[in-house]
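**Student:** fold the stuff below for me.
(2 chains)
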There are 2 protein chains.
Amino acid sequence: MPYNELRKDYLLNRWVVIATERGRRPTDFAKQKTENAKTAVCPMCVGNENLTPPAVMLYLKDNGRLRKAQDPLAGERPKNWLIRCIPNLYPAFSPPKQPEDASQIMKSECFGKAVGHHEVIVESPNHDEGPADAELPQLELVIRAYIDRLSALRAKSYVKYVSIFRNHGQQAGASLSHAHSQIITTPIVPSLIQEELDASREFYEEHGKCVFCDIIEQESKGPRLIYDDADFVVFAPYASINPIEFWIMPKKHRANILSLSDGEVAMLAKTLKAGLKALKDLVNDPPYNYWFHIAVNDDAVNYYHWHLEVYPKLSIWAGFEISTGTYINTVTPETAAESLRKAIKL
Amino acid sequence: MPYNELRKDYLLNRWVVIATERGRRPTDFAKQKTENAKTAVCPMCVGNENLTPPAVMLYLKDNGRLRKAQDPLAGERPKNWLIRCIPNLYPAFSPPKQPEDASQIMKSECFGKAVGHHEVIVESPNHDEGPADAELPQLELVIRAYIDRLSALRAKSYVKYVSIFRNHGQQAGASLSHAHSQIITTPIVPSLIQEELDASREFYEEHGKCVFCDIIEQESKGPRLIYDDADFVVFAPYASINPIEFWIMPKKHRANILSLSDGEVAMLAKTLKAGLKALKDLVNDPPYNYWFHIAVNDDAVNYYHWHLEVYPKLSIWAGFEISTGTYINTVTPETAAESLRKAIKL
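**Tutor:** Have a look, this model is predicted:
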């Protein structure tokens, strides 16, 4: 029996054992779908706008044209929306009550207060229109909504990071099944983000180039490549910590998604849909999480390179993983990439 | 609505939001028990020793006396055991094939090879005798087995860390329901352990004392104390990242469990059982993981202080938690401690 492989993340001090003795193939992870219990009344569906707080941002269908309403009047709850961004009913972080609060919080280095924003982006009026099945124009709107909220939120003095993420399926933490993403802002830079920022800055200082640009070059020509177009590369990362994990990385070096062109937004929608549809087809619509890793501040513009990570929830992190921060993955990233390559439809 | 609290771990750069708006009480986490599907034949039960690899260590009942057999002859599979330590059938880490391998591996800094040991400690001949329900003499044997294996494994040149942990319940990663713990050795120091070592060394260098001794002093007199005896203090840590999380910390400053006295082993068994029984009674036998955090090497003897952490698996870490390393906990540690204090029986 050969050794299992031990791999380290490109940047993080995070190790994974690629443990293949059980000989699991990606398709082994397909399981009987456990339907999300549909709540009798979905608070995100059209007509139920009164069940959620008023939107902080709306994309409206207005005589056949898109109209954006940032910070609509409180209490306004129109039904002709395409995208709704609403405050989370149970926010983990909440905004300062008073302008003074914000400066106070900054002075004490956000000590002890979970100040920030916790928003839900309802991705479509159609309950099931998640990215794997979305019409591309609708998915482009979702990405535009991410960009608009990032732009508005990062401007606030007490926002140190903006986490944009999506939980799909109950086992991946989605308590409601209507297609939605979430945005959380934190008054600290979270440790994982800080570690990535530090490592990429160090690489830049030492080598005079972006480590992610290097990764793209390597992975574009290797066995972990899944898909490659003009603007994006999709690959299973070398030290994937999950079965069938994949990342989407933009070829153009940018620290975040704020200045994506119309063409890039369209291409990202296409790429994201293709990847998630392949995952869905390959393992029977598994639960997953995805998120953006971005640099919120402009000082990281030279060395940080935004990307999107997709973590299918196909195994349980137990005592070893949780207590050590070291992972065991039973599918090689190379096998995962091969399976996703075959499953992808463009 | 008041702000949620944002707390940082004693040592790690790890933050948690104590988010109590949903007003969840510890008992709200009790749920219908989903029975582990009992496999027709349990490979850990007495009489089925042929279904697992031969033991690397046995505690035997020998004319009413305990006999320890370290490294029993391969192929020996006696049935009169009290504790069996066997290699995991699907090891994440495996030992060097040849003595040369080990030195080779060390030279190349364990590059790319998951070299180590992955063992299972069968805690009792009785299928259901987990720590919450164990007879104390049997639970003492489990702790002695941890110590014996730690002693044997840390002596190997390619072992940089020894992770001793227990997964309870399918949702916490236990694939078999027979009471068992696991031991994994790694050829690297895992990142979470390294971070704790570094932070406690820095504290020691700055303050000339052990940070954990300080924590014990603080938590012994505060609202997060659950239980306190001559040798151990049990408390809900200040920045608990899970509902009803608790830690067991020895009052005597030691880097690991190797030199526990007989009395301390007995007291640890009693304390561990009391804590886990309280958890079981409080929330209907929830899935959980526990593990030891120890320093394997003697250089940490001044500044590191072993402890045991219990993480009940009562919430799902989703996109935000996984991507940022920042957590949301819906039960305050103070409430958790109060509930466990009431539930504890000594």
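**Student:** might you report the residue contacts of the residue nearest to A:S315 when sequence neighbours are not counted?
**Tutor:** With sequence-adjacent residues excluded and distances taken as C-beta to C-beta, 6 or more residues apart in numbering or on different chains, A:S315 is closest to A:P243, at 6.2 Å. All C-beta atoms are positioned from the backbone trio N, CA, C, and that covers glycine. A:P243 makes contact with A:R24, A:P26, A:F29, A:P312, A:L314, A:S315, A:N329, A:T330, A:V331, A:A336, according to C-beta atoms under 8 Å, 6 or more residues apart in numbering or on different chains.
**Student:** just A:L272 next, same as before
**Tutor:** Shown in contact with A:L272 (C-beta under 8 Å, 6+ apart): A:P131, A:L139, A:I143, A:I248, A:L308.
**Student:** ends of stretch A:278-298, how far apart?
**Tutor:** By C-alpha to C-alpha, to the nearest Å, the extent of stretch A:278-298 from end to end equals 34 Å.
**Student:** any buried residues in it, and which?
**Tutor:** Of the residues in stretch A:278-298, A:278-283, A:285-296 count as buried by neighbour count, 16 or more other C-beta atoms under 10 Å in any protein chain shown.
**Student:** for the strand or helix carrying A:V142, packing partners?
**Tutor:** According to DSSP states H and E, A:V142 maps onto helix A:136-154. Packed against helix A:136-154, as judged by 3 or more C-beta pairs under 8 Å, 6 or more residues apart in numbering or on different chains; DSSP states H and E, are the following elements: strand A:57-62, strand A:65-70, strand A:81-87, strand A:118-122, strand A:161-168, strand A:180-186, helix A:262-283.
**Student:** my guess is A:W81 meets A:P54, correct?
**Tutor:** No: counting by C-beta atoms under 8 Å, A:W81 does not reach A:P54; the two are 11.8 Å apart.
**Student:** what about those two, which has more around it?
**Tutor:** A:W81 (21 against 16; other C-beta atoms under 10 Å in any protein chain shown).
**Student:** without its sequence neighbours, what residue ends up closest to that one?
**Tutor:** Among residues not flanking A:W81 along the chain, A:L58 sits closest, at 5.2 Å (C-beta to C-beta, 6+ apart).
**Student:** A:F165 too?
**Tutor:** Distance criterion C-beta to C-beta, 6+ apart; nearest residue to A:F165, sequence neighbours excluded, is B:G319 at 3.2 Å.
**Student:** residues contacting the residue positioned nearest the centre of chain A?
**Tutor:** Central residue of chain A (C-alpha atoms, centre = their mean): A:W291, 1.5 Å from the mean position. Listed by C-beta under 8 Å, 6+ apart, the contact set of A:W291 reads A:S163, A:I164, A:F165, A:R166, A:L308, A:E309, B:G319, B:F320, B:I322, B:S323.
**Student:** from the chain's centroid, how far away is the helix holding A:V142?
**Tutor:** With C-alpha atoms, centre = their mean, to the nearest Å as the basis, helix A:136-154 stands 12 Å off its chain's centre.
**Student:** before we move on, back to that, can the helices and strands packed on helix A:136-154 go into JSON lines with extra columns for distance to B:Y304 and mean pLDDT?
**Tutor:** Converted to JSON lines, the helices and strands packed on helix A:136-154 look like this (distance: least, C-beta to C-beta, whole Å; pLDDT from 0 to 100):
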{"stretch": "strand A:57-62", "distance to B:Y304": "49", "mean pLDDT": "92"}
{"stretch": "strand A:65-70", "distance to B:Y304": "52", "mean pLDDT": "85"}
{"stretch": "strand A:81-87", "distance to B:Y304": "44", "mean pLDDT": "95"}
{"stretch": "strand A:118-122", "distance to B:Y304": "37", "mean pLDDT": "97"}
{"stretch": "strand A:161-168", "distance to B:Y304": "31", "mean pLDDT": "98"}
{"stretch": "strand A:180-186", "distance to B:Y304": "30", "mean pLDDT": "97"}
{"stretch": "helix A:262-283", "distance to B:Y304": "42", "mean pLDDT": "97"}
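**Student:** would you list the ones you listed in JSON lines and tack on distance to B:A343?
**Tutor:** Below are the helices and strands packed on helix A:136-154 laid out as JSON lines (distance: least, C-beta to C-beta, whole Å):
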{"stretch": "strand A:57-62", "distance to B:A343": "46"}
{"stretch": "strand A:65-70", "distance to B:A343": "50"}
{"stretch": "strand A:81-87", "distance to B:A343": "36"}
{"stretch": "strand A:118-122", "distance to B:A343": "32"}
{"stretch": "strand A:161-168", "distance to B:A343": "32"}
{"stretch": "strand A:180-186", "distance to B:A343": "33"}
{"stretch": "helix A:262-283", "distance to B:A343": "40"}
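**Student:** burial check on the residue of the stretch 51-200 of chain A found nearest chain B, number of neighbours?
**Tutor:** Residue of the stretch 51-200 of chain A nearest chain B, by C-beta to the nearest C-beta: A:G173 (2.7 Å). Neighbourhood size, A:G173 [other C-beta under 10 Å]: 21.
**Student:** and the closest residue to it other than its chain neighbours, what are its phi and psi?
**Tutor:** In space, and not counting its chain neighbours, A:G173 is closest to B:A318: 2.7 Å by C-beta to C-beta, 6+ apart. Torsion angles at B:A318 (phi, psi; degrees, to the nearest 10) stand at phi -110, psi -160.
**Student:** what does the pLDDT read for B:A318?
**Tutor:** At B:A318, the predicted lDDT confidence score is 94.
**Student:** quick one: residues contacting it.
**Tutor:** The contact partners of B:A318, by C-beta under 8 Å, 6+ apart, come to A:F165, A:N167, A:A172, A:G173, A:A174, A:N289.
**Student:** I figured the first one hits B:E321, correct?
**Tutor:** Read that as A:F165. No: the criterion here is C-beta under 8 Å, and A:F165 misses it with B:E321 at 9.6 Å.
**Student:** for those two, list the residues in contact with both.
**Tutor:** By C-beta under 8 Å, 6+ apart, no residue touches both A:F165 and B:E321.
**Student:** ok, how many other residues are close to A:Q170?
**Tutor:** Count around A:Q170 with other C-beta under 10 Å applied: 17.
**Student:** quick check: the gap between it and A:L176.
**Tutor:** 10 Å (C-beta to C-beta, to the nearest Å).
**Student:** repeat for A:P43
**Tutor:** Computed as C-beta to C-beta, the A:P43 to A:L176 distance reads 7 Å.
**Student:** do A:D214 as well
**Tutor:** With distances taken as C-beta to C-beta, A:D214 is found 40 Å from A:L176.
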